[in-house]
Each structure stands twice: as structure tokens, then as C-alpha cells.
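Chemist: got a predicted structure plus its sequence, pasted below:
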Amino acid sequence: MKKILFIQSEFDFNRYLDKKIFTDTNDVEFTGIKYLNKPPEYFTKYTKIFNCNQSDKLACSIIEKANSVDIDTFLLMDGIYDWANININPIWSKNNFFLDLNIYDKVYCVDNHSSLNLNLIGIKTDLYKPPKIFEITSKKENLKNRFKKTSRKKILLTTSNTPYFNETEFKRIVKIFLSIIEWSKLNSLDIYYRIYDEKILKELKIVNEFNLKEGPIDTYLKEIDVLITTPSSISITAAMLDKPFIHIIYRDTPIAFQAAWQIFNTEMIPDVLKSALNRDKNRMIHQKSILPHLETESKKLNSKKKINKNFQYSKADLFLAIFKAKIKKLYHKLFKYR
């Protein structure tokens, strides 16, 4: 009998697999979401239950049931702990039920700052290195049709998954992006994009052939000279590849790690881009400091909440959850980069 239940699919498991955590993958059962309507007692057959999507209320319902019968539960974070996304994003900030990380026995983080930040609010953490973020593609992708054959330096402009929460933030991002594009063209730089947000794409009038949405992000980072992005976990991948990255800062909220180069307004663009393109030695040293080399283990301050909530969802909810788990790999292959 399998002793570890992974709520998501085997595809997701492989993206989050860290052998330090899962020493025996044969002892893991996947797609635990199919047990959504089972009573809490059902989960006593497992010793550990893992969730890799903290914003999935159905997955969190299973975690709550496991908590009520004293089963150890764990969260594998899928990126840096984004303070703004948790606290001011109108979608998540009003749904504290499934964003309360204190429901887990331990939360695995991808960076030191996130780990320490969660420690301060009483959450037990540890570091891990999921392939989703830390694996560099070894296979040489065929990119000859994606990059122009020139000797000019190349910039990649991208964003986090949810770059803005309101119209004000949207306008700030677009204003800075437009100025970067203009400066790059005036200074004979090749500029490429990796942007999924349709509203930003429309405003920037980006030609599809220069919007590199298919394939793993690291295959493109290897070919460019500077990455420019809103704060994102992609920056970790850039640092691993020793590529200078610039953060666009457009809101006053805590950031998981400080980039060596930052742009707050359009006037800063020339100096910041010149410095990054020249790979300023002292700043490159700072950039390397964001990588989570240190392994940290913390003491839990607050006891895990144990709320016996035997939620029952409709057959439609259950069918949709299982269906989404089954087609996720295909969806990522066709439309997403990882």
C-alpha cells in the first residue's frame, strides 16, 4: 500500500520532485484529488499528504480532512512567496481559507527569504529545489527560427503570471515597457518577449514572431544577454544561468529578493540597461546571493489548525478536478512553457 498521497497528478509530481523529500517514489500515490469526497478517516491509510497548489480550494479541503485525523500534511511552494499576491491581489486576499499556510505541518520553499518570512509568522519551513524552477534543460532546442541572426545584444522582456492587480499598475508597467522598447530600438538592441497577458500584448503591439511563449524559459535565457521582468521566480533561473536580470518595480510592497538592477521609472532606463548589458562585476556578485544554497530548518511557533470539515463537493466538481489533472500535461505541452 502506498504511504504518501500526492494530491495532484504524476506530471505535477515530476515537476516538483526533490529526492531529498521523496526518497522512494514508488511509495507515492498520485492524483489524490479523486478522493475529494472521502471522509477524513479514509486518509488515515497514508502517513503523509502533499499539495503543490496552495490556491486550489479542493486540494485544501483534502488537507483539512487529513489535519482532522492527525495526518502530516505538506505544501510544496511553486515559486517565491509573493507578499503582494497574497495580501493585495483581490482574487486571493479575500480567500484566506486556502491561503492560510498554517494548515500545513511544513511548507517547502524555493528561497531563503520566503522561508525566513514564513518562519516569522509561525510556519515551519524547509528549502527544496523543484525541477520546475531549478532544472536547466540539457537538450539543445532548435531556436534558429526564433532569434534574428545578428551580432547585436539581445534583451528578453517578460512578466510574472499575474503582473498587475488594477488599472494603475497596468499603466505603470506598460509605460516602463514602452520606454524600454523605444530605448532598445534606438540603441540597436534586439528585443524579444515572453508575455501571456493579452491586455499587455495589445498595448505593446507585439508581433507574435518575437513573443517566445513555447518551450522552457531557460532555453531562451541561454541565448539572450539581459532579462527584464516584473518580480518573478524566472529571475532565479536567470541567476542560475549567470544572466543579468532587471526587476521592474511599480508597487510599494515587500519583494522576496532584491535584484541587482531595478527600474522604478522611465528616466532610469538608460543607465540601468547599460550597466546590466556590461555585466557590472559588483552587481553580478550580488545577483548570485539570491540562490538558496543554505539549507534551513525552523521551529514551528504555532500549532497546526485542526478543523474537522468534512466537505462534500458535487459530482461535477469532482469530475472536473480529475479531468483537469489528466489533461494538464497535454495543456502544458501545447500552450505553456513548463
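Modeler: Alright, I've got the coordinates.
Chemist: wait, what's in contact with the residue nearest to residue 290 when sequence neighbours are not counted?
Modeler: Nearest residue to residue 290, sequence neighbours excluded (CB to CB, 6 or more residues apart in numbering): residue 257, at 4.4 Å. For glycine as for every other residue, the C-beta is placed from the backbone atoms N, C-alpha and C. Residue 257 makes contacts with 80, 111, 113, 235, 290, as judged by CB atoms under 8 Å, 6 or more residues apart in numbering.
Chemist: same check on residue 220?
Modeler: 143, 146, 156, 192, 194, 212.
Chemist: before we move on, which element is it in?
Modeler: Assigned by DSSP states H and E, residue 220 belongs to helix 217-221.
Chemist: helix or strand right after that helix?
Modeler: Once the chain leaves helix 217-221, the next helix or strand it forms, by DSSP H and E, is strand 226-229.
Chemist: from the chain's centroid, how far away is the following helix or strand past that following strand?
Modeler: From strand 226-229 onward toward the C-terminus, using DSSP H and E, the following helix or strand is helix 234-240. For helix 234-240, the distance from its own C-alpha centre to the chain's C-alpha centre is 12 Å (CA atoms, centre = their mean, to the nearest Å).
Chemist: repeat for stretch 321-332
Modeler: 18 Å.
Chemist: cool, and stretch 268-281?
Modeler: The chain centroid and the centroid of stretch 268-281 are separated by 26 Å, computed with CA atoms, centre = their mean.
Chemist: name the residues that touch it?
Modeler: Under the criterion CB under 8 Å, 6+ apart, residues 153, 155, 176, 179-180, 183-184, 189, 225-226, 244-246, 260-263, 283 lie in contact with stretch 268-281.
Chemist: how's the chain carved up into domains?
Modeler: The record assigns the chain these domain ranges, following automatic domain parsing: 4-129+296-335, 154-288.
Chemist: in CSV, list those along with distance to residue 137.
Modeler: Formatted as CSV, the domains of the chain follow (distance: least, CB to CB, whole Å):
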stretch, distance to residue 137
domain 4-129+296-335, 13
domain 154-288, 5
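Chemist: closest to residue 136 out of the ones you listed?
Modeler: For the domains of the chain, proximity to residue 136 was assessed by CB to CB; domain 154-288 is nearest, at 5.2 Å.
Chemist: let me see the mean pLDDT of the closest one.
Modeler: Averaging pLDDT along domain 154-288 yields 93.
Chemist: with stretch 53-61 instead?
Modeler: 89.
Chemist: how about stretch 29-40?
Modeler: Averaging pLDDT along stretch 29-40 yields 95.
Chemist: count the neighbours of residue 168 for me.
Modeler: 11 (other CB atoms under 10 Å).
Chemist: what is the neighbour count of residue 167?
Modeler: For residue 167, the count of nearby residues is 9 (other CB under 10 Å).
Chemist: would you mind measuring from it to residue 325?
Modeler: As judged by CB to CB, to the nearest Å, residue 167 and residue 325 stand 35 Å apart.
Chemist: what's the answer for residue 226, then?
Modeler: 37 Å.
Chemist: one more: residue 270?
Modeler: 48 Å.
Chemist: those two: which is more packed in?
Modeler: Set side by side, residue 270 and residue 325 show more neighbours around residue 325, with 20 against 13, by other CB under 10 Å.
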